[in-house]
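Colleague: Prediction below, plus the sequence it came from.
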Amino acid sequence: MTTAAPYLSFGDGKPFALRMGLQPLPPEQWIEIDAAYTAQLATKRDLLATRHADVLQALPQSRPASEEALTLLLDHLHTYHSDRFAFDGGKLRNGATGEEWDIAHSSLHPLEQAGRLIQEDFCILQSDDKTSGETYRLTAGAVCFPSNWRLADKIGKKLTDVHGPAPGYTEKLASPVDRFFKNLPAGTIMWRTNWLIHATAELFQAGHKLDAATAAAITPANAGEKLWLRVERQTLRRLPASGAVLFTIRTHVTQLREALRDAKSAQDLATAVRTMPDDVARYRSMSLFRATLSEWLEVRAIRDK
C-alpha cells in the first residue's frame, strides 16, 4: 500500500513560480534508502541490461570526476549505511540484494556502479574553464529515471541548453544557477525538490508524451487514482579533487490520492496547478488534464477540512 509522499513542495499556497529553492543538507542525509529500494534497484538492473545507451552516457573527460563520485559514495555508505553494506577490502556486499561487487576490479563505468548500489541517479557537470568556473556542461550521467527527457540529447551541452527548453528558465533561473555552480564550495551539500504530475507511475520516462485517449480517461471522479505525484529530491555538491559538481536525483512516485496528507496540501497543489503558466503546463505534459486535476483537488481540499 502506498503512503503519503515524503515531499510536498508546492509553494506553501503561493502562486506557481520558478525558483531554485536550495537548502543546505547534512552529510548523513545525502542518500535516501527506503521501502522502494529493492524494487527500484531491480528496475535499474533491467534498464541497464536492455537500454544501456539510454540510461548511461559519459564523455571521456568525465572519467576522473566519475571515479571521484563513486569513491565519495562508497565512503558515505561505509560511514552511514554499514548496516546495509559490508566492506571487505576492495569488495562490497549489498545485504538487501545479495549482490557482491569487486569494486577495485569492476569493469563498470563508475557512475553505473554507483547507480547499481542506490536509488539515486547521478550526473557530472564540469566547467569548460576550471580557473574561472564558467560554462558548466553535462559530461556524464547514469539516469535510469528521467522525466520526459533523453540523456543522449543533453550530454555535452551547457547548463543553459540542458534546461533551455523549460519555459522561463533562461529568463529567470539561468543567471542564478550559473552563479551557484561557480560559487558552490567543496564540503557543502545543497538540496531542492521538483514536483510533477504524471498519468503513469513508470519511473523511466524518456520523451514520453501523454496521448489524448489516456487524458480523456481522467475524470474529476478518478483523477486521484489515474494521476501520480512525481517528486525529485535533487542534491548538488562539489567534488574537491576534480572541481566538478555532482548532481543526484532521487525519484519518488506516489498515487495522487495517497500522496496528499491533508486539506492544506491539496489546496496548495490546487493553487500551484491553477496558477501555472500555460506554457509550463504544456512543457510538463499537464495541459490535457489540468482542469480535471484542479477540480479533483478542490473537492479533496474541501473533503479533508
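Modeller: Cool, got the structure.

Colleague: Could you measure from the residue nearest the centre of the chain over to Arg238?
Modeller: Centroid-nearest residue in the chain: Ile249, 3.1 Å away (criterion: C-alpha atoms, centre = their mean). Distance, Ile249 to Arg238, by C-beta to C-beta, to the nearest Å: 17 Å. C-beta coordinates here come from the backbone N, C-alpha and C atoms, glycine included.

Colleague: ranges for the helices of the stretch 101-250 of the chain?
Modeller: Ranges of helices in the stretch 101-250 of the chain, per DSSP state H, counting those that start in this stretch, are 110-115, 151-154, 159-163, 174-183, 212-216, 223-226.

Colleague: Ok, which of those helices comes nearest Ser242?
Modeller: Closest of those to Ser242 is helix 110-115, at 11.8 Å (criterion: C-beta to C-beta).

Colleague: What is the neighbour count of Asn148?
Modeller: Residues near Asn148, counting by other C-beta atoms under 10 Å, number 16.

Colleague: In terms of pLDDT, where does the nearest residue to Gly168 once chain neighbours are set aside sit?
Modeller: Leaving aside its sequence neighbours, Gly168 sits nearest to Leu18 (C-beta to C-beta, 6 or more residues apart in numbering; 4.9 Å). Looking at Leu18, its pLDDT is 90.

Colleague: Next up, the contacts around Leu18.
Modeller: Applying C-beta atoms under 8 Å, 6 or more residues apart in numbering to Leu18 gives the contacts 168-169, 172-173, 280.

Colleague: Restricted to buried residues, select those residues in ChimeraX.
Modeller: Here is the ChimeraX command that picks out the buried ones among those, judged by 16 or more other C-beta atoms under 10 Å:
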select :169,173,280
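
Colleague: now the strands for this structure?
Modeller: All strands of the chain, identified by DSSP state E, fall at 23-24, 56-58, 85-88, 91-94, 100-102, 121-129, 134-142, 189-198, 228-238, 245-255.

Colleague: Any buried residues in the biggest helix by length in the chain, and which?
Modeller: Secondary structure of the chain per DSSP state H: the longest helix is helix 63-80. Across helix 63-80, burial judged by 16+ other C-beta under 10 Å covers 63, 65-70, 72-74, 77, 80.

Colleague: List of residues touching it?
Modeller: 27-28, 30-31, 58, 84-85, 87, 92, 103, 109-111, 113-114, 117-118, 122, 124, 126, 139-140, 239, 241-242, 244, 246.

Colleague: same thing with stretch 256-266?
Modeller: Here stretch 256-266 makes contact (C-beta under 8 Å, 6+ apart) with 1-5, 8, 10, 13, 197, 223-225, 227-229, 269, 297, 300-305.

Colleague: quick one, phi psi at Pro185?
Modeller: phi -80, psi 150 (degrees, to the nearest 10).

Colleague: Neighbours of the spatially closest residue to Gly11 that is not a sequence neighbour, how many?
Modeller: Nearest non-adjacent residue to Gly11, counting by C-beta to C-beta, 6+ apart: Ala272, 5.4 Å away. Per other C-beta under 10 Å, the neighbour tally for Ala272 reads 21.

Colleague: need the contact list for Ile249.
Modeller: 120-123, 143, 145, 232-234.

Colleague: Any chance of a markdown table for those residues, columns neighbour count, distance to Tyr37 and pLDDT?
Modeller: As requested, the contacts of Ile249 are arranged in a markdown table below (neighbours: other C-beta atoms under 10 Å; distance: C-beta to C-beta, whole Å; pLDDT from 0 to 100):
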| residue | neighbour count | distance to Tyr37 | pLDDT |
| --- | --- | --- | --- |
| Glu120 | 24 | 11 | 98 |
| Asp121 | 25 | 14 | 98 |
| Phe122 | 24 | 16 | 98 |
| Cys123 | 26 | 21 | 98 |
| Val143 | 27 | 18 | 98 |
| Phe145 | 24 | 14 | 98 |
| Glu232 | 18 | 17 | 96 |
| Arg233 | 20 | 14 | 97 |
| Gln234 | 20 | 19 | 98 |
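
Colleague: Out of those, the closest to Met276 would be?
Modeller: Nearest to Met276 among those: Glu232, at 17.0 Å, using C-beta to C-beta.

Colleague: which residue packs closest to that closest one, ignoring adjacent ones?
Modeller: Excluding the flanking residues, the one nearest Glu232 by C-beta to C-beta, 6+ apart is Asn194, at 4.6 Å.

Colleague: For that neighbour, give me its contacts.
Modeller: Neighbouring residues of Asn194 by C-beta under 8 Å, 6+ apart: 9, 231-232, 234.

Colleague: mean confidence for stretch 238-257?
Modeller: Per-residue pLDDT over stretch 238-257 has a mean of 97.

Colleague: Quick check: the gap between Asp279 and Pro167.
Modeller: For Asp279, the distance to Pro167 equals 4 Å [C-beta to C-beta].
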